[in-house]
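J.: everything below, folded, please.
(chains A and B)
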Amino acid sequence: MTQIILTLFNGLSLGSILLLIALGLAITFGLMNVINMAHGELIMIGAYVTYVMQNLFLNYAPQQYFDLYFILSIPIALLIAAGVGMILEFSLIRFLYRRPLDSLLATWGVGLMLQQLARSIFGAPNVGVQSPSFLNGGLEVGTLLFPYSRLFIIGLSIVCLVSIYYYFYRTSSGRRVRAVMQNRQMAECLGVSTRKVDLITFAIGSGFAGVAGCALTLLGAIGPTIGTNYIIDAFMVVVVGGVGALFGAVAGALGIGFFNTVFEYVTNASLGKVLIFLLIIAFLQWRPSGLVTSRSRSLD
Amino acid sequence: MRKKTHYFLLLIVGLVFSMLVACSAADNAANATDPEEDETETETEETTETEETSSEDEDTIKVGILHSLSGTMAISETSVRDSELLAIKEINENGGVLGKQLEPIIEDGASDWPTFAEKAKKLLQQDEVATIFGGWTSASRKAMLPVVEENNGLLWYPVQYEGMEASPNIFYTGAAPNQQIVPAVSWLLENRGTKFFLLGSDYVFPRTANAAIKAQLEAEGGELLAEEYTPLGHTDYNTIIAKIKSEQPEVIFNTLNGDSNVAFFKQLSDAGITSDDITVLSVSVAEEEIKGIGADVIEGHLTSWNYYQTTDTPENEEFVANYKAEYGDDAVTADPIEAGYFGVYLWAKAVEAAGTTDVDAVKEAAKGIEFDAPGGPVKIDGDNQHVYKTVRIGEVRSDGQIDELWNSGEPLKPDPYLEGYDWASELSEALSQ
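T.: Residues are numbered from 1 along each chain as shown, chains lettered A, B, ... in the order given. Model prediction:
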């Protein structure tokens, strides 16, 4: 019984991480159809922002406020990654909306440049980020232990999801975004500035990549190549969830998270990965457009 | 029309994925050699001759440095390049080799094994370097091996590895298995417990090393609970940790490589497992990696190497001071950094002894050459071109440095094929094919 609960929790935890890294991509790739290979590097920017914040607090803030660095890092990572995304959109991607293949190569190149930039600024070796003390340890329930860092990531992904939902479905600005994505010409006719909407949407997608980077510092390595570890998973989630459907990503992330954990537990990590890929291929045979299909003109 | 574009997009993304996957799969391909190598064999004989004459005339000696300066392995390899450059600088300041200054030619292997083969060929044929210092992963060494053999070049390889190899054109300055893994297993069995859990990245080094460890455990009375491998770059260790919890080992022997170590140790500590509960001994985690992992989560766990920054020798005091003066106070030294450093000195001594940079003469002269390295005296073994080194087991401190708990007392003779161990006899036959 405990084993089942633990596996369920691990699946949920992995699913929440996948969701967090894929949310931004669900917007830039899913909604906007930009194959953004630099998504991983936007995650990297978020991770390095956390590292810089940690060092600032270490050097300039009083000891007892040290833990606050992590809380503050999240909005700052969001803003900085969104800013980089904005520059990227304004200087490059807006010229390539009609040429998806070019945008794939161009963003791949931008990704490499950002990696090299990080290497020049922070050095090639990984840097360490100390988890805030309130996230050390875990919640003990009977014999089970749920690490606080994992619980925090689950919570953070829910908060991100809710805020994205609120923005896209409950605000007029979000409504405009959906209008542009569904029928660009019609939206233009009705006076929506599609240029501005594109810019904002891309910035939002990039910003959430930054938040994901911030959260990943709790779990793994922070180095120039952190993005390449996660970009495949991010695309996988969006494709399985259904391109164009924001909430397909949720189902995709949780599905992949659960199955991956179970496969890995029953077999081993390498074989688990193979099985999950096989499952995805089989699944896409059955539903080529993913779990949630959205019917809109731009996608047909 | 639009629908088609959409599927096309998916297809392209799929292609890119498979490229990425192939990139990481290349890590597993130990024998990744360039098939084109054979064609150049005839040209090479001519070029080696010109090399001798041209390098004799000039007032510098060119040496190649071939490490990954970009890509996933740049994390580890850039600092080895730094230490090799430091050694070259020091040698030049002391008058060079044979009265000539050394001129380093730096190439980037880009964490891509065919690139290592290509760049090694370029260094040997086009730049006509006297020797190459380079490589980190076994895959990169295996990619360079046929190139240096066919061109009769020299390669100094600075990293501990799985053994079962002795190329006549490669000098191995890192530890052979009997200078790192075998003594670590024996020490753990004596001091920390007999129930072992083997965890490694899924490629040639961990699998070969674990095959040897399993044979050793059987022979020395250890118990193998489980053996797990994760893909290179794996980031989620929750499931592995769940398995560890249910198996309840006393010792985890860790051969994970690269970023995975960070994820593993952070998540292990999150799961409430400390070094008091289970001892983790790592063979790919040194001072440099500890900086990235965070000393707080790895404190108290063990490592096995031939050198630590804290190693107490006069040579090391000077080496650490010089290294920090050159690369900043935050820089740390570690085993492969030291092995890269003294490799340059061993080569320089061999060239001085031979009186020429000619490869065959240098190889002959290198036999039995000794040097007082920062990690203690080292000596080249004439039979297999590995190095006599002292084994040291250490415990990670809270400041990220490593305290030595035990050492072998004297430099051990390298034994890449584990010929000195009865339990390994079948193993070495099976693996060295």
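J.: low-confidence ranges in the stretch 151-300 of chain A?
T.: A:294-300 (pLDDT under 70).
J.: and the helices in it, which stretches?
T.: A:172-182, A:184-189, A:194-216, A:226-241, A:248-266, A:269-286 (DSSP state H, counting those that start in this stretch).
J.: of those helices, which approaches residue B:238 most closely?
T.: Ranking the helices of the stretch 151-300 of chain A by proximity to residue B:238 (Cβ to Cβ) places helix A:248-266 first, at 7.2 Å. No exception for glycine: its C-beta is placed from N, CA and C like everyone else's.
J.: the residue in the stretch 251-400 of chain B that chain A sits nearest to: neighbour count?
T.: Nearest residue of the stretch 251-400 of chain B to chain A: residue B:292, at 2.6 Å (Cβ to the nearest Cβ). Using other Cβ atoms under 10 Å in any protein chain shown, residue B:292 has 22 other residues around it.
J.: that one belongs to a strand?
T.: No: using DSSP: H, G, I helix; E, B strand; the rest coil, the assignment for residue B:292 is helix, not a strand.
J.: skipping adjacent residues, who's closest to residue 71 in space?
T.: Reading this off chain A. Using Cβ to Cβ, 6 or more residues apart in numbering or on different chains and skipping the chain neighbours, the partner closest in space to residue A:71 is residue A:132 (7.7 Å).
J.: switch to chain B, that's the one I care about
T.: Of all residues not flanking residue B:71 in the chain, residue B:111 sits nearest, at 2.8 Å (Cβ to Cβ, 6+ apart).
J.: the one you found - how many residues pack around it?
T.: By other Cβ under 10 Å, 26 other residues sit near residue B:111.
J.: quick check, pLDDT for it.
T.: The model reports residue B:111 with a pLDDT of 84.
J.: which residues touch it?
T.: B:68, B:70-74 (Cβ atoms under 8 Å, 6 or more residues apart in numbering or on different chains).
J.: and those residues, which of them are buried?
T.: Burial of these was assessed by neighbour count (16 or more other Cβ atoms under 10 Å in any protein chain shown); the buried members are B:68, B:70-74.
J.: got the residues you listed as JSON lines, with secondary structure and distance to residue B:348 columns?
T.: Shown next, in JSON lines, are those (DSSP: H, G, I helix; E, B strand; the rest coil; distance: Cβ to Cβ, whole Å):
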{"residue": "B:68", "secondary structure": "coil", "distance to residue B:348": "24"}
{"residue": "B:70", "secondary structure": "coil", "distance to residue B:348": "28"}
{"residue": "B:71", "secondary structure": "coil", "distance to residue B:348": "30"}
{"residue": "B:72", "secondary structure": "coil", "distance to residue B:348": "31"}
{"residue": "B:73", "secondary structure": "coil", "distance to residue B:348": "26"}
{"residue": "B:74", "secondary structure": "helix", "distance to residue B:348": "27"}
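J.: leaving out sequence neighbours, find the closest residue to the residue in chain A that chain B sits nearest to.
T.: The minimum distance from chain A to chain B, using Cβ to the nearest Cβ, falls at residue A:126 (2.6 Å). Closest residue in space to residue A:126, ignoring its immediate chain neighbours: residue B:292 at 2.6 Å, by Cβ to Cβ, 6+ apart.
J.: now swap in residue B:130 and tell me
T.: Using Cβ to Cβ, 6+ apart, the nearest residue to residue B:130 is residue B:357, at 3.9 Å.
J.: tell me the confidence at that neighbour?
T.: pLDDT, residue B:357: 92.
J.: quick check, residue B:333 in a strand?
T.: No: secondary structure of residue B:333 (three-state DSSP): coil, not part of a strand.
J.: wait, it sits on residue B:321?
T.: No: counting by Cβ atoms under 8 Å, residue B:321 is not a contact partner of residue B:333; they are 10.3 Å apart.
J.: which one's more surrounded, these two?
T.: Taking other Cβ under 10 Å, residue B:333 and residue B:321 do not tie; residue B:333 has more neighbours (28 against 10).
J.: so who does the residue nearest to residue A:71 touch?
T.: With Cβ under 8 Å, 6+ apart, residue A:132 has these contacts: A:66-71.
J.: quick one, phi psi at residue B:112?
T.: Residue B:112 adopts backbone torsions of phi -130, psi 120, taken as degrees, to the nearest 10.
J.: for residue A:284, see how far away residue A:278 is.
T.: 11 Å (Cβ to Cβ, to the nearest Å).
J.: which one of those two has more residues nearby?
T.: residue A:284 (15 against 11).
J.: quick one, what contacts the more buried one?
T.: A:239-240, A:290.
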